[in-house]
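Colleague: give me a 3D structure for the following:
(one chain, ligands or ions: 1)
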Amino acid sequence: MGRFQQSLIRFMAGRRGQDQLCIALFAVGLVFWLLSVIFGSFVFSLLSVAAWGYGIFRGFSRNIPARERENQWFLKRFGGIITKVKQAYVRFKNRKIYLYYRCPQCKSWLKLPRNIGEKNVTCGHCGANFNKKA
Ligand SMILES: [Zn+2]
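Modeller: Here you go, the predicted model:
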């Protein structure tokens, strides 16, 4: 193993690295940076540097319990939104393979393979039974 790798491993020991809040801070920083480019605003570039700076600080911090608390706080408030965005992305990616639709009774997302024709469907969440054409 090279000297650089060894020192990098030593440097990262006891730090937790990236978590969901770090990734979100990076994304928020990117949005602020784009806004600063679009509007030529110094305030937005300052906000983007602040978001990135805080994200980098968190990634390298050795105070793991404090960073864990921050991440849990973040997930409690925004975890649902993150899941929804991820699910919407999967639906979009597979939109040619599956027809995605909501259960008429409980509004859960269900899917059917495309071009399967009319099917009798039972919702796995609430047990509603109905016909669906895909
Ligand atoms: Zn249902």
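Colleague: my read is Asn131 is in a strand, agree?
Modeller: Yes - counting by DSSP: H, G, I helix; E, B strand; the rest coil, Asn131 is part of a strand.
Colleague: ok, the nearest residue to His125 once chain neighbours are set aside to the ion distance?
Modeller: Excluding its sequence neighbours, the residue lying closest to His125 (C-beta to C-beta, 6 or more residues apart in numbering) is Ser108, at 4.3 Å. Bear in mind the C-beta positions are built from the backbone N, C-alpha and C, glycine included. Going from Ser108 to the ion by C-beta to the ion, to the nearest Å gives 5 Å.
Colleague: cool, and Gly17?
Modeller: Using C-beta to the ion, Gly17 is found at 40 Å from the ion.
Colleague: again, but for Glu118
Modeller: 19 Å.
Colleague: returning to what we had before: what about the residue nearest to His125, how many residues nearby?
Modeller: Neighbours of Ser108 under the rule other C-beta atoms under 10 Å: 12.
Colleague: from memory it sits against Ala128, does it?
Modeller: No - in this structure, Ser108 is not within contact of Ala128 by C-beta atoms under 8 Å, at 9.4 Å.
Colleague: Gly124: what's it in contact with?
Modeller: Neighbour list for Gly124: 108, 110 [criterion: C-beta atoms under 8 Å, 6 or more residues apart in numbering].
Colleague: that one in helix, strand or coil?
Modeller: coil.
Colleague: next: the one 3 residues further on.
Modeller: Using three-state DSSP, the secondary structure recorded for Gly127 is coil.
Colleague: that one - how many residues pack around it?
Modeller: 10.
Colleague: tell me the spacing between it and the ion.
Modeller: For Gly127, the distance to the ion - C-beta to the ion - is 7 Å.
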